[in-house]
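Novice: coordinates only, sequence not included:
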Ligand SMILES: Cc1ncc(COP(=O)(O)OP(=O)(O)O)c(N)n1
Ligand SMILES: Cc1ncsc1CCOP(=O)(O)O
Ligand SMILES: [Mg+2]
């Protein structure tokens, strides 16, 4: 697994952001458009429905060879045999998570503040999410946004691949990459776009033109 390739254009799902369209169709359109990894992020679904949705997404993404990450729930990731899990600072602690996951699974961790970045230096994670880069209506229970100076600091002080999330779109992707991000993670820029396919294509081009 080439993790730097996988985090380049990382779709985080949110059915509510899909503007009433079919959730699976939005994700498949994004896959055709070139997203490089997908995170199933479900904050309200029951466990069984979460697992069902994860299995269906895994089947949709398999032909595109796009890794599937499960947000928050290690048990769901194991049940689905997903490629990995993303946890934040209030989720399962790294020390517990790493004992539960089989070797080879992707571990993503959100860093909300400087201490989170330095603490993660001792850990075998796959990528660190600088979260949020900018304030976003898609998630409001966040710490102060990092901004570009904060991103530069994270780049200097972390040995891990960095993905940025929060308020990323076609207009600010370049500056994020130029200031240290290895990839961008988005909800609304793809899920809420008129065409998730074209949005993913355009974001992919913006990232490639900077590398
Ligand atoms: C790629 C990526 N980055 C950050 C987050 C946020 O995780 P967390 O802080 O645990 O918040 P929730 O998403 O669980 O509300 C993420 N999910 N993905
Ligand atoms: C899940 C998450 N974690 C930090 S910001 C965020 C939401 C990102 O959504 P958007 O790409 O629409 O700003
Ligand atoms: Mg979380």
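Specialist: Received it, and whenever you're ready, just let me know what you need. Predicted model, so just to flag it, every value in this text is computed and none were measured. Numbering: from 1, shown residues only. Ligands and ions are numbered 1, 2, ... in the order given.
Novice: buried ones in the longest helix along the chain?
Specialist: For the chain, the helix with the greatest residue count under DSSP state H is helix 47-61. For helix 47-61, burial by neighbour count (16 or more other CB atoms under 10 Å) applies to 50-51, 53-54, 57-58, 60-61. For the C-beta atoms, the positions are set from N, CA and C on the backbone; glycine is no exception.
Novice: give me the beta-bridge partners of residue 39?
Specialist: residue 12, residue 69 (DSSP bridges).
Novice: I'd assumed residue 12 was in contact with it.
Specialist: Yes. Between residue 39 and residue 12 there is a contact at 4.6 Å, judged by CB atoms under 8 Å.
Novice: and the strand or helix carrying residue 78, what other elements does it pack with?
Specialist: Residue 78 belongs to helix 74-80 when assigned by DSSP states H and E. On a contact count with 3 or more CB pairs under 8 Å, 6 or more residues apart in numbering; DSSP states H and E, helix 74-80 meets helix 47-61, strand 68-71, strand 84-87, helix 94-100.
Novice: figure out which of the ones you listed is closest to ligand 2.
Specialist: Ligand 2 lies closest to strand 68-71 among these, at 7.8 Å (CB to the nearest ligand atom).
Novice: got the residues of the protein near ligand 1?
Specialist: Residues of the chain lying near ligand 1 by CB under 6 Å from any ligand atom: 10, 12, 39, 41, 71-72, 86, 88, 91, 108, 110, 129, 131, 139, 163, 165, 185.
Novice: residues in contact with whichever residue of the chain sits closest to ligand 3?
Specialist: Here the residue of the chain nearest ligand 3 is residue 88; by CB to the ion that distance is 3.6 Å. By CB atoms under 8 Å, 6 or more residues apart in numbering, the contact set of residue 88 is 72, 109-110, 112, 131.
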